[in-house]
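Peer 1: here you go, sequence then predicted model.
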Amino acid sequence: MTATDPIKAASRPVPVSIDPSIAPPGTRNFRDAGGIPADKWHADQNGETLVPTHCCFCGVQCGMYLRVDKGGKVFGVEPRNHDINRMRLCPKGINAYQQVNHPDRLTAPLMRRSRDEEFKECSWDEALDFTVSEIRRIQEAHGNDAFGLLGGASLFSEKTYLVGKFARVALKTKHVDYNGRLCMVSAAGANKLAFGIDRAGNPFSDILLTDCLLIAGSNVGECFPVMTQYLWGARDRGASLIVIDPRETAIARTADIHVALKPGTDSAFFNAVLNVVIAEGLTDEAYIAANTTGWDEVKKTVAEYPPSRSAEICGIPASQIVQVARVFAGAGKAMAWHARGIEHHSQGVENCLSVINLCVATGHIGKPGAGYGTITGQGNGQGGREHGQKSDLLPGGRSITNPEHRQQICQIWGIEESELPGAGTSMMEMVWQMQRREIRGLIGICNNPFVSLPNYAVVKDGYDTAEFHAQFDFFLSETAANAHVVFPVTTWAEDEGVMANAEARVVKHNKAQEPPAGVRTDTWVICELARRLGAGKHFDFPGSREVFEELRVASAGTVNDYYGITYERLDETGGIVWPCPSTEHPGTPRLFEDGRTYHADRKIHMQVVEWHPPMDAYTEEFPLSLTTGRTVAHFLSGNQTRRLGALVEQTPRPWVEVHPSHGFHNGDPVRVVTRRGSEVFPALVTEAIRPDTVFIPYHWPVPTAANALTIDALDPRSKIPEYKVCAARIEAAERVDEVPAPPTAPGHEAYPEAQVSRTDPLPPTSPQGRGTAERS
Amino acid sequence: MMGRTIFIDPGRCIGCQACVSACRECDSHRGKSMIHLDYTEPGMSVASLPSVCMHCEDPVAPCAEVCPADAILVTADGVVQQADTTRCIGCSNCVNACPFGIPKIDLQAKLQMKCNLCYDRTAYGLAPMCATVCPTGALFYGTLEELQAERPGVQVADSFVFGDVVVQTGVAMVVPADKVQWPVPGGLPVVEVNGVDVR
Ligand code: SF4
Ligand code: SF4
């Protein structure tokens, strides 16, 4: 080739082809490729073994291999050609393996009799006996419901099933909930109301078939990075991309339409879009007539939201509303995916319903390339609530207030219906109850509310008021550091179990190494506590497999039917999407293909949505919207990722994103004040945010915690906190608040040495990752 | 375009740095990343762009040409290797010669380090770690035909103009079809598309 022939170009467009390797889940046998031997389980490469498993973090659930050395220790990661991610991984997934043998790992139970004492390592017997005696003391004095249990959506589904059963059968308390309450329960509630089933309607692979993709309130590039390949794949085929987000995120940057609306105005926006769709005659009346109820009321309500009115509420040009309506409704096939941006609101359920109304009214539902989906934040955000860990649900998504459902579960569990407690309260409400001394003791399993719940002052007060607090974790989280007892439990790489990703595809995680000495599985700890509480005969589970067998039976015949899913089938297929009622059933990747839903009348119940202003009122004193979110390098409360050197180096600390119109310079200390408190962050001055909005990523503890500032207002139906909008002001400050080191157990190597990976650490002084220099 | 190579598509990059983390995990230089992520319009946009070694072909790797110790070798298949540790004297000539700003000197070790297209992987038929994991396909490893089969109509450039000098590279850059009159991201002008001079 010579210098006069400098450009290589395609002579003409190649006909559109869909990669056949991206078949919908369950429709073909799972194959591995990419130059790695086909049988991975015992594949031997230079003495190392590659164990096929999945990432422990977000709801994409990327397939990966853990590299295990001759000594049986996890020491690295290798991409895996799984249907979901086709070798792709984000930086969290690549670095996840470093948790497994991290020097900060807890390896012995920690105990203290009061919070004034220091933690001391103790034997398992001591820790378990003390916990059981405290449970007994509190329940005898104040009733069974004075003790609560908070689970987590990073647990395998088997463990979430056990958490729900343990609370009701061993603790006999109604107070059980989980941190998925902070994740996608608004979408779950909306899906249940509209369709009678609580999951995404389509698999990720359908994104590649769509003509128009609407993403509302989701920073896909940073929160679900591997899903981006589907977005870009759709775009390659000419699909238009509509992004609704107050910030110009990486996907918004290249979207055909980016609607930067004011936080907390989503349902006003979607109502107006539907208003235009109706006005322009773009509804699918035949579909609506055949398959839905409630359309007339919805129509009447959205008539009250002409583009001019909503444009004012949302702070956007009315023309954008018209554009979105025409592009979405006019597309041959269109899909809407949403995430916490519209769900984390005191009207989170309504926001999701307004999106559903739009999909249904335009007939974009139940077809390849047309439908809706929720992007789950936590690995098992979907599966974590399906089997009874949520305060109002029994296994199989059964309602705890439905007498028939109660009877069914009591039969499986071998208890009397009268022994089964009723519905409890949500995670945030349980904290309020701890403040009021209604709940006096608590066990937390793999959650970190000190960073992840809103209004930190209230959370700290609630936990401090509790007489007894035990926590399961593999690192000493900020919350565990406040406990009386800490149980050191396994990571995802030291046990087997299933998770359900954002598509409701059940995937199996495999065990890659033995737990370190002194560490037990959560299953073992829960069963051991149950035995000591006298409920041992209900908890005779040697491991995950036995729990899964009971879970399969407990879900049989329900909407969330797992009966046909077995460990063997999961290994074979790479994942099966529920409902899967029999072992011959292929699973159900796409819902409503025949128009029928899971309501008794098999119709879609369209719901009226009215917009309400956010709970925290704007005033002269607090004129701005504070909104929060994630960065790509960190996961949720950061307990896992703030200890991994490469991720710390990539994003060492939080910042506040402000528009240049406020007159700050990059790195200036900026105090962000809300009605809950104030903290100082370095400014990241960017034109990629609305002038009336500021943004803080939420992965860090006080005094750099976004959640010290956010409001603990809840959606009345889903009880999800309103993380994504509160009233704030910003002012110049002297210096930024320093990020505290993650807590470590006594005798463990202290942060930061323990977490510097293999490169020189940068001092945590400058925010990274979104472009920090000023315009020159 | 020779066989399989890396294609960089800045339009798809989400700035996640998975490539940086993956590069760090590569067995040949474990613990150091040879990829840099650049922000093209910092403070105005989140646009980002990964910089990997472009494996210059013509003129043959300026870094190798200027190396006084003959430490930088170019393989028969066009991969410009990182400096041979037994020869490199850490003089920084290569750093100054590279038009793309790729080689870096490890000041402690007094050694040059740069991307060698994951030679330990590509030699065995595996894709480089960065292009394997990149969630968006902003880094793609394969042939031009494979790229075009996945992305209909995609156009690429593998020549870059620096004043009077045209540098032709083994690694190519994706040029958006409808924006060919724009400079190649990174500030390098596109000269010709489909045989038409667009200067
Ligand atoms: S965090 Fe999510 S996107 Fe990243 S590797 Fe893990 S599952 Fe995949
Ligand atoms: S991995 Fe891909 S998308 Fe992420 S920063 Fe690197 S090139 Fe960009």
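Peer 2: Nice, thanks for sending it over. Quick caveat: nothing in here was measured; it's all calculated off a predicted structure. Ligands and ions are numbered 1, 2, ... in the order given.
Peer 1: quick one: what helix or strand has residue 64 in it?
Peer 2: Picking chain A for this. strand A:63-68 (DSSP states H and E).
Peer 1: hmm, no, I was thinking of chain B.
Peer 2: In this structure, residue B:64 is located in helix B:62-66 according to DSSP H and E.
Peer 1: is chain A contacted by that helix?
Peer 2: No. Figure legend: helix B:62-66 not in contact with chain A (CB under 8 Å from any CB of the partner chain); closest approach 14.3 Å. (Each C-beta comes from the backbone N, C-alpha and C, glycine too.)
Peer 1: buried residues, that helix. List them.
Peer 2: Across helix B:62-66, burial judged by 16 or more other CB atoms under 10 Å in any protein chain shown covers B:62-64.
Peer 1: try stretch A:436-446
Peer 2: Buried-residue list, stretch A:436-446, by 16+ other CB under 10 Å: A:438-446.
Peer 1: any chance of those residues in TSV, plus pLDDT?
Peer 2: Converted to TSV, the buried residues of stretch A:436-446 look like this (pLDDT from 0 to 100):
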residue	pLDDT
A:438	96
A:439	97
A:440	97
A:441	96
A:442	96
A:443	97
A:444	96
A:445	96
A:446	92
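Peer 1: ok, so of those, who is nearest chain B?
Peer 2: Proximity of the buried residues of stretch A:436-446 to chain B (CB to the nearest CB) peaks at residue A:446, which lies at 24.2 Å.
Peer 1: so that closest one is in contact with residue A:156, correct?
Peer 2: No. Using CB atoms under 8 Å, residue A:446 is not in contact with residue A:156; the gap is 10.4 Å.
Peer 1: residue A:631 contacts residue A:652, doesn't it?
Peer 2: No. With contact defined as CB under 8 Å, residue A:631 does not reach residue A:652; the gap is 10.6 Å.
Peer 1: residue B:132 belongs to a strand, doesn't it?
Peer 2: No. Under DSSP: H, G, I helix; E, B strand; the rest coil, residue B:132 falls outside any strand and is assigned helix.
Peer 1: number of residues surrounding it?
Peer 2: Here the count is done by other CB atoms under 10 Å in any protein chain shown, and residue B:132 has 24 residues near it.
Peer 1: measure the closest residue to ligand 2 within chain A to residue B:150 for me?
Peer 2: In chain A, the residue that lies nearest ligand 2 is residue A:225 (6.9 Å; CB to the nearest ligand atom). Here residue A:225 is placed at a distance of 19 Å from residue B:150 (CB to CB, to the nearest Å).
Peer 1: which of these two has more residues huddled nearby?
Peer 2: Taking other CB under 10 Å, residue A:225 and residue B:150 do not tie; residue A:225 has more neighbours (31 against 18).
Peer 1: what residues does residue A:630 make contact with?
Peer 2: Taking CB atoms under 8 Å, 6 or more residues apart in numbering or on different chains, we find residue A:630 in contact with A:219, A:222-223, A:377, A:636, A:697-699.
Peer 1: which one of residue A:631 and residue A:652 is surrounded by more residues?
Peer 2: Taking neighbours as other CB under 10 Å, residue A:631 and residue A:652 compare with residue A:631 leading, 24 against 20.
Peer 1: report the closest residue of chain A relative to ligand 1.
Peer 2: residue A:93 (2.3 Å).
Peer 1: just chain B next, same as before
Peer 2: When scored by CB to the nearest ligand atom, chain B has residue B:135 as its residue closest to ligand 1, at 6.6 Å.
Peer 1: wait, that residue sits on residue A:229?
Peer 2: Yes. Residue B:135 lies in contact with residue A:229 (CB under 8 Å); the separation is 5.9 Å.
Peer 1: now do the shared contacts for those two.
Peer 2: What both residue B:135 and residue A:229 touch, as defined by CB under 8 Å, 6+ apart, is the set A:85, A:88.
Peer 1: these two: which is more packed in?
Peer 2: Neighbour totals were compared for residue B:135 and residue A:229, and residue B:135 leads with 31 against 23 (other CB under 10 Å).
Peer 1: give me the phi and psi for the more buried one.
Peer 2: phi -60, psi -20 (degrees, to the nearest 10).
Peer 1: tell me the confidence at it?
Peer 2: Looking at residue B:135, its pLDDT stands at 94.
Peer 1: who touches it in this structure?
Peer 2: Counted by CB under 8 Å, 6+ apart, residue B:135 has contacts A:85, A:88-90, A:225-229, B:14, B:16, B:18.
Peer 1: kindly recompute the last result at 6 Å.
Peer 2: A:88, A:90, A:225-226, A:228-229, B:18 (CB atoms under 6 Å, 6 or more residues apart in numbering or on different chains).
Peer 1: filter those down to just the ones in helices.
Peer 2: Per DSSP state H, helices hold the following members of the contacts of residue B:135: A:228-229, B:18.
Peer 1: so residue A:398 touches residue A:404, yeah?
Peer 2: No. Between residue A:398 and residue A:404 no contact is recorded; they are 8.6 Å apart, counting by CB atoms under 6 Å.
Peer 1: please identify which of the two sits among more neighbours.
Peer 2: Under the criterion of other CB under 10 Å, the comparison of residue A:398 against residue A:404 puts residue A:398 first, with 24 against 8.
Peer 1: could you look up the SS state of the closest residue to that one other than its chain neighbours?
Peer 2: Nearest in space to residue A:398, with sequence neighbours left out and distances taken as CB to CB, 6 or more residues apart in numbering or on different chains, is residue A:405 at 3.6 Å. Here residue A:405 is recorded as helix under three-state DSSP.
Peer 1: now do the contacts for residue A:405.
Peer 2: By CB under 6 Å, 6+ apart, the contact set of residue A:405 is A:394, A:398-399.
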